[in-house]
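In: Make a model of this:
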Amino acid sequence: MRKLMKIVVALLIVLILIAGGVGGYLWYDTKQHVDQFVMMAKPFAEISYGGIEVSPAGSLGVTRLRISPNMVNDVITIGAIRMHAPNILALLKTRWQLSQAELPGALSLSVREFELPLHGGILGASPPSSQQSGPLEDLDALGCGQVAHLGGTEWQEMGYDHFIGNVEIGYHLDAARNVLAVRVDSNTRDWATLNMDIGFAIPGSVRSITELAAQTKPRLASLNVTIQDDGFNQRRNNYCAAKAGKTIDDYLANHVRLLVERLGANGINPGPGLVAAYRKFLVDGGRITLTATPPAPIDPTELQHYTAEDVIKLLGLKMQVNGEAVADLSASWDSAKIARALGAEPQPEKLVEEAAPAPAEQVVMIQKSYHPTPVGELGQHVGKIAKLKTATGATFKGQLEAVAEGIVKIKIRKSGGSVTLSLRTNEIDSAQVIY
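Out: Predicted coordinates for the structure are as follows:
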């Protein structure tokens, strides 16, 4: 027994020495990098910090930062910025992996006690003019009397003095399910809290940051978003009701009416259930939760080509307000109007087919046209241009990329590049192929 105790004590001493050596290396290496960054930032901002902290629990950070941007009269203070790993040895391995552009299995970064005054040059800047503001901006100020924009000045009048918050962003790779799980936790004191979990499907093992970045079309596997009101709703309601010279109930009714009208004029038409849920959240505060559990992972960029009703089904969307399910999630939208409102209206597309050059002594004109094709035979035309019409009435023109397991993949050319849609064969009403 005594010999066993000696072995245990010896192992503990060795572990402590290793942890101390690793901690010393990490402290020195981090300080060098932070000092280099401070020097590089001098043309843009004055940065000072209190110290470097290394925890045996697996965190490494910079404390008591003070940032003074040169271009504005403002000071940003941060209690600490820390990188987290499961333990100090994992942290050392993580540092090495990052230096080699490898992707660690799990990592998170936290910013604590981020503080920014509302009267400075960043948050206290002049509000944008009506020409600079888009039709889908400043929706939270609708019905607020003569106030068209909520910013630093308005927040001060609501009783806020500083913007004080915390945020932590992290991920871990679930190799068993081929999912990259991302988590974001953020809260602003006396304002609101945001918790967001997103799962992205990845094709097999991803070993490097480069491989992850190459996944230009991440597929959404799951989503859970919770917004917790920590006092902002009541302050905004009281402030805007006073500015409008109305009771709070009358202000809220007017605000919701104006919001629905503005959204509708720009192609977004929320149904009665969503409107009632939004009003309930404004009145009661509490929390609003949105979850998505798609039957199969889906590329979010594809959703713009579906109707709102189909998007709800494809994502398996559910919503709750203060634990009460919102039964009616009906909505509709006009993609063209939304694109115009966002200043992202696509250019007209042209379908061009080029024939191979014929011998100089003979010119052959090959006339190609669309031919009706059974959906079950689309696999015979991979690589050709097709026109697919879905049950919702949407029509997609592009190049057939693959047909397998009840899914038809079609690449559509856009002004900014291309997008590949995955359509289920049972959703395709008719198909035509050029040949």
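
In: Quick check: pLDDT value at residue 11.
Out: Note for residue 11: predicted pLDDT of 38.

In: ugh, wrong one, residue 208
Out: For residue 208, the pLDDT comes out at 64.

In: so what's residue 99 up against?
Out: Contacts for residue 99 (CB atoms under 8 Å, 6 or more residues apart in numbering) come out as none. (Glycine included, C-beta is placed from N, CA and C.)

In: where does it fall, phi/psi-wise?
Out: Note on residue 99: its backbone torsions stand at phi -70, psi -20 [degrees, to the nearest 10].

In: Pop out the phi and psi values for the closest residue to residue 290 other than its chain neighbours.
Out: Counting by CB to CB, 6 or more residues apart in numbering, residue 290 lies nearest to residue 225, which is 4.7 Å off, once chain neighbours are set aside. Here is the backbone geometry of residue 225 (degrees, to the nearest 10): phi -120, psi 130.

In: which element is residue 95 on?
Out: Using DSSP states H and E, residue 95 sits in helix 88-99.

In: in stretch 169-189, what counts as buried?
Out: For stretch 169-189, burial by neighbour count (16 or more other CB atoms under 10 Å) applies to 170-173, 178-189.

In: between these, which is closest to residue 196?
Out: residue 184 (4.4 Å; CB to CB).

In: just checking, the closest one touches residue 171?
Out: No. Contact criterion CB atoms under 8 Å: residue 184 and residue 171 do not qualify, at 9.8 Å.

In: Show me which positions of stretch 237-254 end up buried.
Out: For stretch 237-254, the neighbour count (16+ other CB under 10 Å) marks 237, 239-241, 243-244, 246, 248, 251-252, 254 as buried.

In: Give me the contact list for that stretch.
Out: Contact with stretch 237-254 is made by 141, 143-147, 154, 157-158, 255, 279, 282-283, as judged by CB under 8 Å, 6+ apart.

In: who's in contact with the next helix or strand after the helix holding residue 95?
Out: Remark: after helix 88-99, the chain's next helix or strand is strand 106-117, criterion DSSP H and E. Residues outside strand 106-117 that contact it (CB under 8 Å, 6+ apart): 74-86, 94, 122-124, 161-173, 183.

In: Give me the subset of the residues you listed that lies in strands.
Out: For those, the ones inside strands are 76-84, 162-173, 183, with DSSP state E as the criterion.

In: Derive a PyMOL selection command for the buried subset of those residues.
Out: Buried residues within the ones in strands among the contacts of strand 106-117, by 16+ other CB under 10 Å, are selected in PyMOL with:
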select buried, resi 76+77+78+79+80+81+82+83+84+162+163+164+165+166+168+170+171+172+173+183
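
In: For residue 196, give me its contacts.
Out: Applying CB under 8 Å, 6+ apart to residue 196 gives the contacts 183-185, 223-226.

In: For residue 312, which non-adjacent residue is spatially closest?
Out: In space, residue 312 is closest to residue 329, 5.5 Å off (CB to CB, 6+ apart).

In: oh sorry, the question was meant for residue 432
Out: That would be residue 370: by CB to CB, 6+ apart, it lies 3.9 Å from residue 432.

In: Please tell me how far that neighbour sits from residue 381.
Out: 11 Å (CB to CB, to the nearest Å).
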